[in-house]
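Novice: model this:
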Amino acid sequence: MRIRVLKAASMPEAMARLRDELGPDAALLSSRPVNGGVEVTGGLDLDDEDEELPVLIGPRPRAPLPAACHQRRQDDSAAIALDFHRVPDALARRLCAAPLEASLEASLRFARLPDGVARPLLLAGPPGAGKTLTCAKLAARRVLEGEEPPLVISADGERPAAAEQLAAFTQLLGATLAVALTPAAVALAMEQRSPGQPVLIDTAGCDPFDPAQARMIASLVAVTGASVALVLPGSMDAAEAADVARAFGALGATHLVATRLDASRRIGAVLAAAATAGLALAEAGTGSQAADGLTMMEPAWLAARLRRRSHIEVSAWEGVGS
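Specialist: Below is the predicted model of the structure:
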């Protein structure tokens, strides 16, 4: 069988192109909506003799690096680092136009997370991204800096252990935890905060492409008026991270917390997500402990992390083998 995968603005256009390439006997095997239209997979049964012919699929061509990347040794180093981290080609070309720290600052947004005082801070993201631990880290940071403990709200009805995990942290911090599993209950829980007290909201893992799950996040944002931070693992595929970030951006996300950067060698997904959705790079999860596991993302820090090309700090392996 001869197979073709085509993208078009509409199904009629896709089918017309499919028949142009495979002939009038082409059969539709599958279809799915994609950004800008529809993607279809079609096939054409061949004679037995033709079936024996191999189908060769060449490697995906990589766009050539711009001339700016070859002007100075520093730029060559940046190009190599960006390629290692699987930064998408178009973004990598922009970042090669100047020294890496300067190009990161010019091409991406960097900002502190909202403090949760004027508006609650809601943490959203796919399942297993590390939202609950990030919530605990943010609460611990406030307490360790001598500030008032936040009101922490667990709205995760999908994972009962999430509330237990948060309760263990909030009791140690002297913070109040409210477990509220519906938007209406979250709104009532917010009435318990004292004047000027920050609010952190932990949510269930969300597939933003599932309408029911997306509506739940939208409802929570609507009843709380919260600022939304997307929590995303740094180890994701860059293209998938970009799609997820764009979907959460449509739900109101404005900031990005990248988790597991202490356990991810390649972090191109972080740059792809921020650039695609216009999210501000805010925090990096750089440890498993609630007391010290967050690092503010700034251009200099991110440039150094990209050039290091490893999640292992130099000091951890210096001298090995000497």
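
Novice: Contacts only, for Ile3.
Specialist: Taking CB atoms under 8 Å, 6 or more residues apart in numbering, we find Ile3 in contact with Leu29, Thr41, Gly42, Gly43, Val55. Using the backbone N, CA and C atoms, a C-beta is placed for each residue, glycine as well.

Novice: now, which of the residues you listed sits nearest Ala253?
Specialist: Thr41 (31.8 Å; CB to CB).

Novice: average pLDDT across the helix or strand hosting Ala79?
Specialist: Taking DSSP states H and E as the criterion, Ala79 maps to helix 73-84. Averaging pLDDT along helix 73-84 yields 78.

Novice: Next SSE downstream of it?
Specialist: helix 89-95.

Novice: Distance of the spatially most central residue of the chain relative to Arg305?
Specialist: Nearest to the mean C-alpha position of the chain, by CA atoms, centre = their mean, lies Leu232 at 3.8 Å. Here the distance between Leu232 and Arg305 works out to 16 Å (CB to CB, to the nearest Å).

Novice: repeat for Asp20
Specialist: Computed as CB to CB, the Asp20 to Arg305 distance reads 48 Å.

Novice: Val221 too?
Specialist: According to CB to CB, Val221 stands 31 Å off from Arg305.

Novice: before we move on, the earlier item: buried stuff in the helix holding Ala79?
Specialist: Under the neighbour-count criterion of 16 or more other CB atoms under 10 Å, helix 73-84 has Asp75, Ala78, Ala79, Ala81, Leu82 buried.

Novice: Skip the chain neighbours and tell me the closest residue to the last one.
Specialist: Spelled out, it's Leu82. Spatial nearest neighbour of Leu82, chain neighbours left out: Ala92 (4.3 Å); criterion: CB to CB, 6 or more residues apart in numbering.

Novice: my guess is the one you found contacts Ala81, does it?
Specialist: No. Taking CB atoms under 8 Å as the definition, Ala92 is not a contact partner of Ala81, at 9.6 Å.

Novice: Show me the common contact partners of these two, please.
Specialist: Shared contacts of Ala92 and Ala81 (CB under 8 Å, 6+ apart): none.

Novice: Comparing Asp20 and Arg305, which residue is more hemmed in?
Specialist: Arg305 (21 against 12; other CB atoms under 10 Å).

Novice: contacting residues around the more buried one?
Specialist: Listed by CB under 8 Å, 6+ apart, the contact partners of Arg305 are Leu261, Ile267, Ala284.

Novice: With Pro126 instead?
Specialist: Each residue near Pro126 by CB under 8 Å, 6+ apart is listed here: Gly205, Cys206, Asp207, Pro208, Leu232, Val244.

Novice: rerun at 7 Å
Specialist: The contact partners of Pro126, by CB atoms under 7 Å, 6 or more residues apart in numbering, come to Gly205, Cys206, Asp207, Val244.

Novice: Now do the SS call for the last one.
Specialist: If I follow you right, that is Val244. helix (DSSP: H, G, I helix; E, B strand; the rest coil).

Novice: measure it to Glu298 for me?
Specialist: As judged by CB to CB, Val244 and Glu298 stand 24 Å apart.

Novice: So which of these two has more stuff around it?
Specialist: Just comparing Val244 and Glu298: by other CB under 10 Å the higher neighbour count belongs to Val244, 26 against 15.

Novice: got a pLDDT number for that one?
Specialist: Predicted confidence (pLDDT) at Val244: the value is 97.

Novice: swap in Ala97?
Specialist: Ala97 carries a pLDDT value of 90.

Novice: Would you state the helices of this protein in chain order?
Specialist: Secondary structure of the chain (DSSP state H): helices located at 11-22, 48-51, 73-84, 89-95, 100-107, 131-144, 160-173, 183-190, 211-224, 238-250, 268-277, 299-308, 314-317.

Novice: Out of these, which one sits most buried?
Specialist: Ranked by mean neighbour count, these are led by helix 268-277 with a mean of 26 (mean count of other CB atoms under 10 Å).
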